[in-house]
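Participant: Sequence and predicted structure below; questions after.
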Amino acid sequence: MLTAVGLGPGDPELLTLRAVRLLKEADTVFVPGGIAKKLVEPYCTPVELSFPMSYDEDAIAQRISENADIIAPLAEKGSVVFGIIGDPNIFSTFSRLCVIIKDKYPGVELSTVPGVSSITALTSVTGIPINGGFSVSDGTPEVARIRMKVRKPRTVAEELRKEGYSKFVLVERMCMEGMKVWDGELPEESNYFSLLFAEKI
């Protein structure tokens, strides 16, 4: 089992309780650099792996593949945690690592634990709340969108189809009692606490 654990934006007090528990319980903890290593050291003795901060895609892909060969065999036999700054699902090295592991080591079970992302931390640091729609980009074309408070998911999905979106996943009451997930066919109506993920594929 390989679990990517979000470590937050850098403040050790922003680690979640679940992150701390998993770091303590894991057989092996890997981290991609010195900042992550410093955050997890109070709870475990991590193994630091090198992931190049580079625009050389070939070099990045080669190193990620090499690191997958180190991580996956241990994850096949025990509990492995990959601690990563921010959230492992947003602009993350872990996402690229998963692609390789799924291909080369299909028997490894993968999961993630969210962390406080730099996107949400930004509003606290700046004191500027966000009360309307906003976009986040790394400069590449938009391929996904998240809509909050989706009371009529089918109607919203039909609007988004006109913009080229074709994959939709709705989560109602996320991380709360009674959570529901719809992947594909959406309900006509949903709870106030609903998020719709839309992707161009």
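Facilitator: Sure thing, it's come through.
Participant: now the strands for the chain?
Facilitator: In the chain, the segments counted as strands under DSSP state E are 2-6, 28-31, 47-48, 80-84, 110-113, 144-148, 167-172, 180-183, 194-199.
Participant: got a list of contacts for the second one?
Facilitator: Outside strand 28-31, the residues that touch it by C-beta atoms under 8 Å, 6 or more residues apart in numbering are 23, 37, 40, 44-49, 67, 70-71, 74, 78-84. C-beta here means a position set from N, CA and C on the backbone, and glycine is covered the same way.
Participant: Filter the residues you listed down to just the buried residues.
Facilitator: Neighbour counting over these (16 or more other C-beta atoms under 10 Å) leaves 23, 37, 40, 44, 46, 49, 67, 71, 74, 80-84 as the buried ones.
Participant: Any chance you could list what contacts the lengthiest helix in the chain?
Facilitator: Ranked by residue count under DSSP state H, the longest helix found in the chain is helix 57-77. For helix 57-77, contacts defined as C-beta under 8 Å, 6+ apart pick out 1-2, 27-28, 30, 49-52, 54, 80, 82, 93, 96-97, 100-101, 104-105, 107-109.
Participant: domain ranges for this protein?
Facilitator: Domain ranges of the chain: 2-119, 144-199, per automatic domain parsing.
Participant: Include distance to Pro129 when you put those into TSV, please.
Facilitator: Converted to TSV, the domains of the chain look like this (distance: least, C-beta to C-beta, whole Å):
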stretch	distance to Pro129
domain 2-119	13
domain 144-199	14
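Participant: if you compare those domains, which one is most tucked away?
Facilitator: domain 2-119 (a mean of 17; mean count of other C-beta atoms under 10 Å).
Participant: now the end-to-end length of that domain.
Facilitator: One end of domain 2-119 sits 25 Å from the other (C-alpha to C-alpha, to the nearest Å).
Participant: if we can go back for a sec, is it possible to export the domains of the chain to CSV including distance to Asn131 and mean pLDDT?
Facilitator: Listed next are the domains of the chain as CSV, based on distance: least, C-beta to C-beta, whole Å; pLDDT from 0 to 100:
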stretch, distance to Asn131, mean pLDDT
domain 2-119, 15, 94
domain 144-199, 12, 96
